[in-house]
Structures are given as structure tokens and as C-alpha cells.
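[1] fold the following.
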Amino acid sequence: MTIRTYVTPKGGAGTVFYRISVLGGEPTKLIAGVDSPIALSPDGKRLAYVLNDEGRGESRLMTANIDGTSQRAFVTRTFSDMIFDLLC
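    The predicted model follows:
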């Protein structure tokens, strides 16, 4: 059994998503730089989240497998047309 948690590193940008076992052991970093809450698919197999790319001035709605693999941009918007604005 695992617990999924969000951790924001001190002085870091974005949030790091970890898988942490309830039985102990080392946490496993899955996705770094997350700029939104993470949504879990109804079947528990996929994640959705937002990544912001300051250098390109873009915000991306991303999807990935629950283990952080197969990340892909579902939607990309410029900062002038932010994804959060579209969702509200």
C-alpha cells in the first residue's frame, strides 16, 4: 500500500510528487515541477497536473501514468491564456 503526497522543496519552484510506502522505506520521486494540485483518474492509473515553463512563457496541462512515466502535454497555453483561467 502507498500514500501519495505533495512536497514543496525549500526554496524550490513547483511541487514534487512522491510515492511513499506506509510500511517505511525511501520515498520515490515521481514528478517534479508540478504547479497545481494533482488529479487522479477514476481508475487510479493516471494523473493530471499543470506544469509552467517560465522560459517559454507556457503552461501545460499534463497527463502521466501513476508511476510518473509516459508524461505528455494534453493542452499547451501561453501565460496570457493560462490554463487555470480556462478551468475557472
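
[2] so which strand or helix has the residue sitting furthest away from the middle of the chain?
    Each residue of the chain has a distance to the centre, and by C-alpha atoms, centre = their mean the biggest one is for L23: 24.2 Å. Under the criterion DSSP states H and E, no helix or strand holds L23.

[3] now it: phi and psi?
    Taking degrees, to the nearest 10, you get phi -90, psi 0 for the backbone angles of L23.

[4] now F79
    Phi and psi for F79, reported as degrees, to the nearest 10, are phi -60, psi -30.

[5] residues contacting it?
    N52, G57, E58, S59 (C-beta atoms under 8 Å, 6 or more residues apart in numbering). Every C-beta, even on glycine, is put in place using the N, C-alpha and C of the backbone.

[6] what pairs with the first one across the strands?
    In this entry, N52 is beta-bridged to S59, by DSSP bridges.

[7] what's the burial count for it?
    Neighbours of N52 under the rule other C-beta atoms under 10 Å: 20.

[8] tell me if I'm right that it and S59 touch.
    Yes - N52 lies in contact with S59 (C-beta atoms under 8 Å); the separation is 5.1 Å.

[9] could you pull out the strands in this protein for me?
    Counting by DSSP state E, the chain has strands at residues 2-7, 15-21, 28-34, 39-40, 46-53, 58-65, 72-78.

[10] reformat those as CSV; add mean pLDDT.
    As requested, the strands of the chain are exported to CSV (pLDDT from 0 to 100):
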stretch, mean pLDDT
strand 2-7, 52
strand 15-21, 79
strand 28-34, 84
strand 39-40, 86
strand 46-53, 88
strand 58-65, 91
strand 72-78, 88
